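Novice: Sharing a model prediction with you, sequence too.
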2 protein chains.
Amino acid sequence: MREEASAAAALTTRRDDRLVMKFGGTSVKSIDRIERVARHVMAGRAAGYKVCVNVSAMAGETDRLVDLATSAFGNKAARMAEYDTVVSTGEQVTAGLLSLVLQRHGIAARSWLGWQLPFQTDARHGAATIHEIDTSSLGDSLEAGEVAVVAGFQGIDEEGRITTLGRGGSDTSAVALAIALNAGRCDIYTDVDGVYTSDPRIVPSARRLDQISYEEMLEMASLGAKVLQTRSVGLAMRYGVPLRVLSSLGEPGESKVFTQIMSEQEIMERRVVSAVVPSRSEARVDLLGVPDKPGVSAMIFTALAAAKVNIDMIIQSQSRDSASVNLSFTLKEQDLSIAQSVLAERKSDIGYTEILADQNVAKVSIIGVGMNDRSGVAAQMFETLSSRGINILNISTSEIKISVLVSSEYTELAVRALHDSFGLRQSSA
Amino acid sequence: MREEASAAAALTTRRDDRLVMKFGGTSVKSIDRIERVARHVMAGRAAGYKVCVNVSAMAGETDRLVDLATSAFGNKAARMAEYDTVVSTGEQVTAGLLSLVLQRHGIAARSWLGWQLPFQTDARHGAATIHEIDTSSLGDSLEAGEVAVVAGFQGIDEEGRITTLGRGGSDTSAVALAIALNAGRCDIYTDVDGVYTSDPRIVPSARRLDQISYEEMLEMASLGAKVLQTRSVGLAMRYGVPLRVLSSLGEPGESKVFTQIMSEQEIMERRVVSAVVPSRSEARVDLLGVPDKPGVSAMIFTALAAAKVNIDMIIQSQSRDSASVNLSFTLKEQDLSIAQSVLAERKSDIGYTEILADQNVAKVSIIGVGMNDRSGVAAQMFETLSSRGINILNISTSEIKISVLVSSEYTELAVRALHDSFGLRQSSA
């Protein structure tokens, strides 16, 4: 498999007896937790699976290693080969420890590091892209009855230096392993038991979804739902890998409590809206008095793109004098100061009169593949918010998502109202 | 090179422009200390050397990793492949960090892990023996002007699993690298500035030796002087690698304060005795009433050897009834309880009447290649102790060492008296 490949599902038949199980940092944060992971693995074996486990670093360990590397070199360490040499040890330790615990329980198990497979990537240290995973030895080990414990997040480049996959790396390496092994499924164990219709801290009546489509999950992940990393969902979608999200804290065994992420066609229950997702890390910028002539918008957004600022929700409106326009857009709060300085530098080139910034905004989105062929969803959303007296500042839509920008004080109210309005409440049964 | 090779110095000419510098755990225990190490390395480069650095794990890190592995598997973890996978990350982190610090100072540097060289060993995990070090890439890197930072203590076996060298490992890998690179010298940086005539905590007038022979150093290390690991001294002696012991806390630059370990022939200053070494971790066992017939001693010492108990200082004396003998020997305190239970099990086979154990004993040794061809050294030692009223319990000798067992309360008195008697005091000049 190539992470960047232009799509095309795996050509070979899926091997349903092979299971990839992925455990994140909180699931392996102590030897006690690793014991519990081992019991999940043993339950998988007892159910007849050949199990390949993918593990993260113990919670807190990656931060400690990143701090050391940063103290050694400064903030630019994150793109260095040596940074990856340091940071990748976190997963190496967990892989060794889980193998030891399994062996203590009499289970044949061995750890696999990126270089031992090898797990080939490009040489972009700290943010590598997967090129190819050689699973010949790994497959032999699985077929011989061993549990394969693979250190997540890490690979090697063509020169044999250690690389790491960067943000989203550990879920991504699990999905990539499932593809390379033609595994029947990839189970992502985390500290919640699945994907919810909304954030339960805001909406107590939020319920776990039994199924969700790749497309919806991708929107949720990119809107900031932390349960799965965007990049891993994209990869799973491209290759059609069945994914499950489930809790590592639950009892080991064939759990019935999880969310299955699958292609839209396979989903039985048809819902218009699957989830309501809040995101508070937004900011809005208003450029007033922008000359209404060709090329000005391009100039603005090219300059921001060059500074790696991602822009969302663009609205252009005529200003009162009608010779100029007002341009409004949203971006991540953390990018606001960069955007402001980029635009200040270009003020005379662009020719705007004033720049306003607002951090007291939040984005609330409804997501659902069903809205694609059902009209009136947007109207229902706006009506719901309006009836609560919530003013909509900006709007953006995709085929399966509508996002609105609201004043941040209305976030919880908006989320709860939409969750109710689209019938997502937990049934009282 | 082969660690277990039957001797024979390196055939190729030594490359005096190549220098191996080894830094132990306390020398790299923080980023500040690693900064200091980097300055030593830069001083080495400034003096014209192509520098290969060998680093240990940050102080405390190996203990932390060993604890994790032991919690995961139990005490037998130390012989498992996964144990080495976990424990070897300590040196990997240090190698990455030192490379980052050097790069921040504008020095081309890269880390080398055991598998990247490769540093080939046998498969005895936790206690591996070096088979061969491939220095082709490492040598190219040095010749290209890079500082090579090698993670100490680790290698890989024939199957590509990570191994560690076990006790004495980090000094040993530095010496092995010096041999494989034909380096002109191997500098061992530690927290003291050399090898002393005795333990300065006991003998305030102890002085640093400018030179000491491999043979003497080997005796000192095996008697428990902690400055260098026995195995590394043996390896250096076999291949004639010039070693220096010096302090990483001193000012970087061509230090004149160190101890050079070299072959006896090269040493200018001829001393009868070079050092007085105390060892408190001794115990004495007396077996009374052992039948005086052939094969009994063999039975005793074979049984102890099978239990991996090393025996020292054996004395056999006729008992009063003259039909039996008393057998007295010393061993490491930590082995005493094993020895007692082995001997208790065999009591009826051996036929002794009583077993006595004494932990209140200490071994005091004088070491010097000069005593080999000077008579009267033993007499002077015994006379010195006798004049202080110190009773000698057991004696053992080699060509360059005389050890006596004394009651442990006399340890300091014995060491100071011998240090004076053999003229080892710091000159008042």
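Specialist: Great, that's in hand. Everything numeric in this text was worked out from a predicted model, so none of it was measured.
Novice: burial of residue A:353, as a residue count?
Specialist: 13 (other Cβ atoms under 10 Å in any protein chain shown). Any C-beta I mention is one placed from the backbone N, CA and C, and that applies to glycine too.
Novice: how close does the closest residue to it other than its chain neighbours sit to chain B?
Specialist: Nearest in space to residue A:353, with sequence neighbours left out and distances taken as Cβ to Cβ, 6 or more residues apart in numbering or on different chains, is residue A:289 at 3.2 Å. Here the criterion is Cβ to the nearest Cβ, to the nearest Å. By it, residue A:289 lies 46 Å from chain B.
Novice: Now do the contacts for residue A:289.
Specialist: Residues in contact with residue A:289 (Cβ atoms under 8 Å, 6 or more residues apart in numbering or on different chains) are A:319, A:324, A:326, A:351, A:352, A:353, A:354.
Novice: Pull out the buried residues from the residues you listed.
Specialist: Buried residues within these, counting neighbours by 16 or more other Cβ atoms under 10 Å in any protein chain shown: A:324, A:326, A:352.
Novice: how about these in CSV, adding secondary structure, distance to residue A:172 and pLDDT?
Specialist: Conversion of those to CSV gives the following (DSSP: H, G, I helix; E, B strand; the rest coil; distance: Cβ to Cβ, whole Å; pLDDT from 0 to 100):
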residue, secondary structure, distance to residue A:172, pLDDT
A:324, strand, 45, 88
A:326, strand, 40, 91
A:352, coil, 40, 93
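Novice: Format the residues you listed as CSV; extra columns: distance to residue A:36.
Specialist: Formatted as CSV, those follow (distance: Cβ to Cβ, whole Å):
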residue, distance to residue A:36
A:324, 62
A:326, 56
A:352, 57
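Novice: ok so, going back, which among the contacts of residue A:289 gets closest to chain B?
Specialist: residue A:352 (41.0 Å; Cβ to the nearest Cβ).
Novice: Got the phi and psi for that closest one?
Specialist: Torsion angles at residue A:352 (phi, psi; degrees, to the nearest 10) stand at phi -80, psi 160.
Novice: Tell me which residues touch it, please.
Specialist: Counting by Cβ under 8 Å, 6+ apart, residue A:352 has contacts A:287, A:288, A:289, A:290, A:291, A:327, A:343.
Novice: Closest one of the residues you listed to residue A:396?
Specialist: Taking Cβ to Cβ as the measure, residue A:396 lies nearest residue A:327 of these, at 14.5 Å.
Novice: Does that closest one belong to a helix, a strand or coil?
Specialist: What DSSP: H, G, I helix; E, B strand; the rest coil gives for residue A:327 is strand.
Novice: follow-up on the earlier one: out of the contacts of residue A:352, which are inside helices?
Specialist: Judged by DSSP state H, helices contain the following of those: residue A:343.
Novice: For the closest residue to chain B within the stretch 301-429 of chain A, what are phi and psi?
Specialist: The nearest approach of the stretch 301-429 of chain A to chain B comes at residue A:308, 23.9 Å away (Cβ to the nearest Cβ). Main-chain dihedrals, residue A:308, degrees, to the nearest 10: phi 60, psi 30.
Novice: Give me every residue in the stretch 151-300 of chain A lying close to chain B.
Specialist: Contact residues (Cβ under 8 Å from any Cβ of the partner chain) of the stretch 151-300 of chain A with chain B: residue A:160.
Novice: any chance you could map the strands in the stretch 151-300 of chain A?
Specialist: Applying DSSP state E, counting those that start in this stretch to the stretch 151-300 of chain A gives strands spanning A:154-156, A:162-164, A:183-190, A:211-213, A:243-247, A:259-262, A:275-291.
Novice: most neighbours per residue, which of those strands?
Specialist: Among those, ranked by average contacts under mean count of other Cβ atoms under 10 Å in any protein chain shown, first place goes to strand A:162-164 (a mean of 29).
Novice: Off-centre distance for that strand?
Specialist: Its chain's C-alpha centre and that of strand A:162-164 lie 20 Å apart, by Cα atoms, centre = their mean, to the nearest Å.
Novice: wait, what's in contact with the residue in the stretch 151-300 of chain A that chain B sits nearest to?
Specialist: Per Cβ to the nearest Cβ, residue A:160 is where the stretch 151-300 of chain A lies closest to chain B, at 6.1 Å. Residue A:160 sits next to A:115, B:116 when contact means Cβ under 8 Å, 6+ apart.
Novice: same question, residue A:300
Specialist: Contacts for residue A:300 (Cβ under 8 Å, 6+ apart) come out as A:287, A:290, A:327, A:343, A:346, A:350.
Novice: Tell me the spacing between it and residue B:283.
Specialist: Distance check for residue A:300 against residue B:283: by Cβ to Cβ, to the nearest Å, it reads 83 Å.
Novice: just residue A:263 next, same as before
Specialist: As judged by Cβ to Cβ, residue A:263 and residue B:283 stand 72 Å apart.
Novice: repeat for residue A:375
Specialist: From residue A:375 over to residue B:283 the distance is 91 Å, taken as Cβ to Cβ.
Novice: now residue A:189
Specialist: Separation of residue A:189 from residue B:283 (Cβ to Cβ): 52 Å.
Novice: Please list all residues in contact with the most centrally placed residue in chain A.
Specialist: In chain A, the residue lying closest to the centroid (Cα atoms, centre = their mean) is residue A:229, at 2.0 Å. Residues in contact with residue A:229 (Cβ under 8 Å, 6+ apart) are A:167, A:168, A:169, A:170, A:171, A:172, A:221.
Novice: quick one: which of the residues you listed is nearest residue B:331?
Specialist: When the contacts of residue A:229 are ranked by distance to residue B:331 (Cβ to Cβ), residue A:170 comes first, at 50.5 Å.
Novice: How many residues are close by the closest one?
Specialist: Neighbour tally, residue A:170, other Cβ under 10 Å: 26.
Novice: which residues does the closest residue to it other than its chain neighbours contact?
Specialist: Among residues not flanking residue A:170 along the chain, residue A:152 sits closest, at 4.0 Å (Cβ to Cβ, 6+ apart). For residue A:152, the contacting residues are A:22, A:54, A:55, A:56, A:91, A:169, A:170, A:173, A:174, by Cβ under 8 Å, 6+ apart.
Novice: Buried among those residues? Make that a PyMOL selection.
Specialist: Buried residues within those, by 16+ other Cβ under 10 Å, are selected in PyMOL with:
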select buried, chain A and resi 22+54+55+56+91+169+170+173+174
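Novice: Next, count neighbours for residue A:146.
Specialist: Using other Cβ under 10 Å, the number of residues around residue A:146 comes to 19.
Novice: what ranges of chain A fall below the confidence cut-off?
Specialist: A:1-2, A:4-12, A:168, A:427-429 (pLDDT under 70).
Novice: List the backbone torsions phi and psi for the residue of chain A most remote from its centre.
Specialist: No residue in chain A sits farther from the centre than residue A:321, which is 43.9 Å out by Cα atoms, centre = their mean. When read as degrees, to the nearest 10, the backbone of residue A:321 gives phi -80, psi -10.
Novice: Show me how far stretch A:49-67 is from its chain's centre.
Specialist: Distance of stretch A:49-67 from the chain centroid (Cα atoms, centre = their mean) equals 17 Å.
Novice: who touches stretch A:215-228?
Specialist: A:171, A:188, A:190, A:192, A:194-195, A:199, A:212, A:229-230, A:233-234, A:237, A:243, A:245, A:261, A:264, A:274-275, A:277, A:279, A:281, A:363, A:365, A:367-369, A:398, A:400-401, A:403.
Novice: try it again with 6 Å
Specialist: Stretch A:215-228 has contacts (Cβ atoms under 6 Å, 6 or more residues apart in numbering or on different chains) with A:171, A:195, A:230, A:233, A:245, A:261, A:274-275, A:277, A:279, A:365, A:367, A:369, A:400-401.
Novice: ditto for stretch A:132-141
Specialist: Defining contact as Cβ under 6 Å, 6+ apart, one finds that stretch A:132-141 is touched by A:117, A:118, A:119, A:120, A:148, A:180, A:181.
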